[in-house]
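Participant: need coordinates for the following:
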Amino acid sequence: MFISDLQPGMNRVIIDLEIVEKGPIREFNKFGKSGKVCECKVKDKTGEYTLVLWNDEVDQINVGDKIRIINGYTKRYQGEPQLNIGQYGKYEILKDD
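Facilitator: Numbers count the residues shown, from 1 in each chain. The predicted structure follows:
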């Protein structure tokens, strides 16, 4: 799958991306739990998209990393399409050959 294939409302997304830019890290407290969230710009050969990182992902994924998202999902937040790894998804940092 490629960025050009993504539409809000998709589930079980498997996609390889490069992290181009990380936005500011925001801390939050919701339902008595604290955490971190960060929006990233990601790209592949077909375009760019917004990836949202949560908690540990924020510290583990960096600009320049190439990652594979497995079982991610897309949605629209404040009118903008986003890709999330989510509770049931995972990611792998891909090694350069």
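Participant: distance of the spatially most distant residue from the centre of the chain from residue 38?
Facilitator: Residue farthest from the centre of the chain, counting by C-alpha atoms, centre = their mean, is residue 32 at 24.3 Å. Counting by C-beta to C-beta, to the nearest Å, the gap from residue 32 to residue 38 is 22 Å. Yep, even glycine has a C-beta here, placed from its N, CA and C like the rest.
Participant: likewise residue 84?
Facilitator: Taking C-beta to C-beta, one finds residue 84 at 12 Å from residue 38.
Participant: list residues touching both of the two?
Facilitator: By the contact definition C-beta atoms under 8 Å, 6 or more residues apart in numbering, residue 84 and residue 38 are jointly contacted by residue 52.
Participant: can you tell me how far residue 89 sits from residue 69?
Facilitator: To residue 69, residue 89 is 6 Å away according to C-beta to C-beta.
Participant: which one's more surrounded, these two?
Facilitator: Between residue 89 and residue 69, residue 69 has the larger neighbour count (other C-beta atoms under 10 Å), namely 22 against 17.
Participant: quickly list what the more buried one is bridged to.
Facilitator: With DSSP bridges applied, residue 69 shows beta-bridge pairing to residue 15, residue 91.
Participant: and it, what does it touch?
Facilitator: The contact partners of residue 69, by C-beta under 8 Å, 6+ apart, come to 13, 14, 15, 16, 17, 51, 83, 85, 89, 90, 91.
Participant: the second one: neighbouring residues, count only.
Facilitator: Other residues near residue 14 number 11, with proximity taken as other C-beta under 10 Å.
Participant: quick one: contacts for it?
Facilitator: Residues in contact with residue 14 (C-beta under 8 Å, 6+ apart) are 1, 68, 69, 70, 71, 72.
Participant: ok, of these, which come out buried?
Facilitator: Restricting those to buried positions leaves 69, 72, with burial counted as 16 or more other C-beta atoms under 10 Å.
Participant: turn the contacts of residue 14 into TSV, columns for distance to residue 47 and pLDDT.
Facilitator: Below are those laid out as TSV (distance: C-beta to C-beta, whole Å; pLDDT from 0 to 100):
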residue	distance to residue 47	pLDDT
1	12	94
68	17	97
69	16	97
70	20	97
71	21	97
72	16	97
